[in-house]
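Participant: everything below, folded, please.
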Amino acid sequence: MRQAPIMPSMTTQTDILTRFGRRVRALRTARGQSQETFADACGIDRTYISGIERGRRNVGLKNIEVIANALGVTLAELFEEVGSAIQVMLRPS
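Facilitator: Numbers count the residues shown, from 1 in each chain. Predicted structure coming up:
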């Protein structure tokens with residue numbers, strides 16, 4: 001029997017934004033980069049990077065790829081610790 005995913009609640013979405021932001025910040029600081037130098041490397045405004053790191057921005061896929069490239073990691077590596085806390089809830093269709 002095929003099961004359809006339940007739409008994530010707004011709380012779950014906020015949680016993933018926070019987790020993603022923390023992951024970006026951890027990788028950036030591990031490289032010794034300031035937000036400003038990192039934003040320049042990404043070609044993204046520093047205030048947008050700040051919003052991402054604080055979990056206030058819902059980042060588009062193209063920018064996620066730009067961020068991963070600027071950090072020197074793959075998309076999978078970028079989401080390593082973010083995805084470990086995600087649980088897909090299923091219900092019968």
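Participant: quick check: which element contains the residue nearest the centre of the chain?
Facilitator: In the chain, the residue lying closest to the centroid (Cα atoms, centre = their mean) is residue 20, at 3.0 Å. For residue 20, the enclosing helix or strand under DSSP states H and E is helix 10-30.
Participant: mind listing what's buried in that helix?
Facilitator: Within helix 10-30, the residues that count as buried by 16 or more other Cβ atoms under 10 Å are 15-21, 23-25, 27-28. No exception for glycine: its C-beta is placed from N, CA and C like everyone else's.
Participant: make CSV out of those and add pLDDT.
Facilitator: What follows is the buried residues of helix 10-30, written out as CSV (pLDDT from 0 to 100):
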residue, pLDDT
15, 88
16, 91
17, 93
18, 94
19, 93
20, 95
21, 96
23, 96
24, 97
25, 97
27, 97
28, 97
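Participant: which pair in those spans the largest distance?
Facilitator: When the buried residues of helix 10-30 are compared pair by pair using Cβ to Cβ, the two farthest from each other are 15 and 28, 20.4 Å apart.
Participant: about what we covered before: other SSEs contacting the helix holding residue 20?
Facilitator: Counting by 3 or more Cβ pairs under 8 Å, 6 or more residues apart in numbering; DSSP states H and E, the packing neighbours recorded for helix 10-30 are helix 46-53, helix 61-71, helix 75-78, helix 80-83.
Participant: from the chain's centre, how far out does the second one sit?
Facilitator: In other words, helix 61-71. Centre-to-centre, helix 61-71 and its host chain are 10 Å apart (Cα atoms, centre = their mean, to the nearest Å).
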